Every structure is written in C-alpha cells, then in structure tokens.
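# What follows is a protein structure lacking sequence information:
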C-alpha cells in the first residue's frame with residue numbers, strides 16, 4: 001500500500017513584484033507590491049508521500065533485487081514501477097492532514113506525529129472495511 005495525497009501545500013510564499021527600480025546601484029532589485037502566503041495546489045495525479053506498507057514477502061524480493069543491482073536500487077523506479085497492476089493499492093490521506101517529505105531519519109522524527117496520525121487513519125479504514 002502506498003500513501004498518497006491529492007493536494008500539496010506549497011513550501012514557500014509568493015510575491016507580486018513591481019517593475020525593477022531604475023537608477024539604483026543594486027542589480028535585480030524590485031519593490032514587492034504584495035506578499036501571498038503559502039497556497040494549496042491541487043495535483044493532477046495523486047502524489048506518493050513516502051509511507052509504504054508491505055507484507056513480509058517484499059523483503060525477499062528486495063533482497064534479490066539488491067543482489068541483482070549490486071546493492072543499490074530506487075524503490076519507486078526499480079521496484080514499484082514494475083509491480084503488476086492490481087497488486088499495489090493506494091491510501092489517500094485526507095486534505096486536512098499535512099505532510100512534509102521524509103528524506104532522512106531526522107525528518108521522520110520531526111514528523112512522527114503526522115506519520116502516527118496517518119497510520120491510525122489507515123487502521124480505522126481497515127477496521128471499517130473488515131480487513
């Protein structure tokens with residue numbers, strides 16, 4: 001199972017600029033007319049947020065793949081892209097659950113509360129669906 005989201009909160013705010021000032025000693029300076037706080041972008045396709053739930057059989061497959069590729073592989077590109085359609089499912093987090101990428105264990109630690117919330121939502125879904 002791959003956790004996905006359908007919208008993303010932008011990481012940065014935006015600015016509306018006036019024309020660059022002329023006659024100053026600085027290059028590329030323009031007055032800011034308006035500051036726009038971080039917005040939400042609707043995504044054309046759901047985005048994988050980096051939480052994957054697999055059964056134990058995946059570990060044998062990952063081990064075999066690691067040996068074939070001499071120890072290095074990309075989970076999304078080398079494994080998930082080749083899975084037979086219908087063998088992999090998505091879980092769509094609700095629009096009120098924020099998500100920040102987990103690029104390292106320290107990012108995971110900082111987002112532990114969010115990760116726990118998502119996993120609890122998934123558990124509730126499984127319970128209601130008889131899984």
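That came in fine, so what should we check first? Computed from a predicted structure; not experimentally measured.
# so who does the residue lying closest to residue 54 once chain neighbours are set aside touch?
Excluding the flanking residues, the one nearest residue 54 by Cβ to Cβ, 6 or more residues apart in numbering is residue 1, at 7.7 Å. Placement of C-beta: from N, CA and C, glycine included. Residue 1 makes contact with 52, 53, 54, 88, 89, 90, 91, 122, according to Cβ atoms under 8 Å, 6 or more residues apart in numbering.
# and what of residue 97?
5, 114, 117, 118, 121 are the contacts of residue 97 under Cβ under 8 Å, 6+ apart.
# Now do the SS call for it.
Secondary structure state of residue 97, per DSSP: H, G, I helix; E, B strand; the rest coil, is coil.
# Quick one: the strands in the chain, in order.
2-9, 14-17, 32-36, 40-52, 90-92 (DSSP state E).
# how about the ones you listed, which one is nearest residue 73?
Each of the strands of the chain has some distance to residue 73 by Cβ to Cβ; the shortest is strand 40-52, at 14.2 Å.
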